[in-house]
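Novice: fold the stuff below for me.
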Amino acid sequence: MSFIPDKHLFIVTSALNTGLGVINNGLRFEQTLQGVKSLREKAPEAIIFLADASPQPVDDILFEALGKYTNFNLAFRGDPDLCTLSNAGLKSQAEVILLHKTLSLLKSNQDLSKMMASVKRIYKFSGRTDMIDGFDIARYDDPSLYGKYTFKTRIPSWMPTMAQAHSSADHLLITRLYSWCASLTDDYLATLMRIYEATNVHGIDTEHAHYREINKNYLVEFDNLYCQGTMASTGLVEVY
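Specialist: Numbers count the residues shown, from 1 in each chain. Reported below is the predicted structural model:
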């Protein structure tokens, strides 16, 4: 009997202890805790892997509290690449490298790679995001999504027209919540490096860079993601 992967894996990216944005660290933790709680409620059987890129140490008691809802908590404590990017205020680049390092670890670590054998779909879920009514994990079980990325429907760029033309990014893809078939993991690892290069060369954020670099032949777009999140730069809540 052949083994069929059937698990959903959520990589929750966070920076619990950072000086970026208008939200203090205490509130960042509370919002992150609420987010993983809402995720566990909406996807009770999912594997939830929290990856934290805080440039400053995070108290272990905070990870213990998050561990009530997550399966794994990984702190990239003191990682020189992430610390350099975070301290320079390069949020998009830090997020891209955090994802690349996390996915690489999931592939290379012997125990984690065994777990990955059971995973059919991987999600990036930003910390301080809440699942809301309407989210149904079964939506992602549709066989038509095999070999596909899913994002919220592309949004026209807010950048000046000349910047759009220079970067070849006249739209953006929301990166609050998106997913990819596990069969695309190697493709996405390579795509992440192109995204990182695009953020540096063209001065665009990760959402414009994702639109620029994701293979559109593999892209499925949803009108609604059924989640909401707080913008670090403004403190405003946006619904997706």
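Novice: so who does His171 touch?
Specialist: Shown in contact with His171 (C-beta atoms under 8 Å, 6 or more residues apart in numbering): Arg154, Ile155, Pro156, Ser157, His208, Tyr211. For every residue, glycine as well, the C-beta is placed using N, CA and C.
Novice: out of those, which end up buried?
Specialist: Arg154, Ser157, His208, Tyr211 (16 or more other C-beta atoms under 10 Å).
Novice: let's have the residues you listed in CSV, adding distance to Glu41 and pLDDT.
Specialist: Converted to CSV, the buried ones among the contacts of His171 look like this (distance: C-beta to C-beta, whole Å; pLDDT from 0 to 100):
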residue, distance to Glu41, pLDDT
Arg154, 29, 98
Ser157, 34, 98
His208, 32, 98
Tyr211, 31, 98
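Novice: and these as CSV, adding secondary structure?
Specialist: Output for these, formatted as CSV (DSSP: H, G, I helix; E, B strand; the rest coil):
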residue, secondary structure
Arg154, coil
Ser157, coil
His208, helix
Tyr211, helix
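Novice: distance between stretch 37-55 and the chain's centre?
Specialist: The gap between where stretch 37-55 is centred and where its chain is centred comes out at 11 Å by C-alpha atoms, centre = their mean, to the nearest Å.
Novice: what pLDDT does Glu41 get?
Specialist: Listed pLDDT for Glu41 reads 97.
Novice: and it, which of the three is it?
Specialist: Using three-state DSSP, the structure places Glu41 in helix.
Novice: quick one: it from Ala88, how far?
Specialist: 37 Å (C-beta to C-beta, to the nearest Å).
Novice: Cys227 touches Thr129, doesn't it?
Specialist: Yes: counting by C-beta atoms under 8 Å, Cys227 touches Thr129, with 5.4 Å between them.
Novice: now do the shared contacts for the two.
Specialist: Common neighbours of Cys227 and Thr129 (C-beta under 8 Å, 6+ apart) are Arg176, Leu177.
Novice: all helices of this structure, in order?
Specialist: In the chain, the helices defined using DSSP state H lie at 25-42, 60-66, 80-87, 91-108, 110-116, 161-167, 185-202, 206-213.
Novice: right, and these - which one's nearest Leu236?
Specialist: helix 25-42 (12.9 Å; C-beta to C-beta).
Novice: and the closest one, what does it pack onto?
Specialist: strand 7-14, strand 47-52, helix 60-66, strand 129-131 (3 or more C-beta pairs under 8 Å, 6 or more residues apart in numbering; DSSP states H and E).
Novice: what angle separates the second one from strand 7-14?
Specialist: Interaxial angle, strand 47-52 versus strand 7-14 (axes from the mean of the first three to the mean of the last three C-alpha atoms, to 10 degrees): 20 degrees.
Novice: wait, Ala94 sits on Asp79?
Specialist: No: proximity of Ala94 to Asp79 does not meet the contact threshold set by C-beta under 8 Å, at 9.9 Å.
Novice: between those two, which contacts overlap?
Specialist: Both Ala94 and Asp79 are in contact with Ala53, where contact means C-beta under 8 Å, 6+ apart.
Novice: what about the two, which has more around it?
Specialist: Per other C-beta atoms under 10 Å, whichever of Ala94 and Asp79 has more neighbours is Ala94, with 27 against 18.
Novice: tell me who's in contact with that one.
Specialist: So Ala94 contacts Ala15, Ala53, Leu82, Leu85, Ser86 (C-beta under 8 Å, 6+ apart).
Novice: likewise for Thr230?
Specialist: Thr230 makes contact with Ile23, Gln31, Arg128, Leu236, Val237, Glu238 under the criterion C-beta under 8 Å, 6+ apart.
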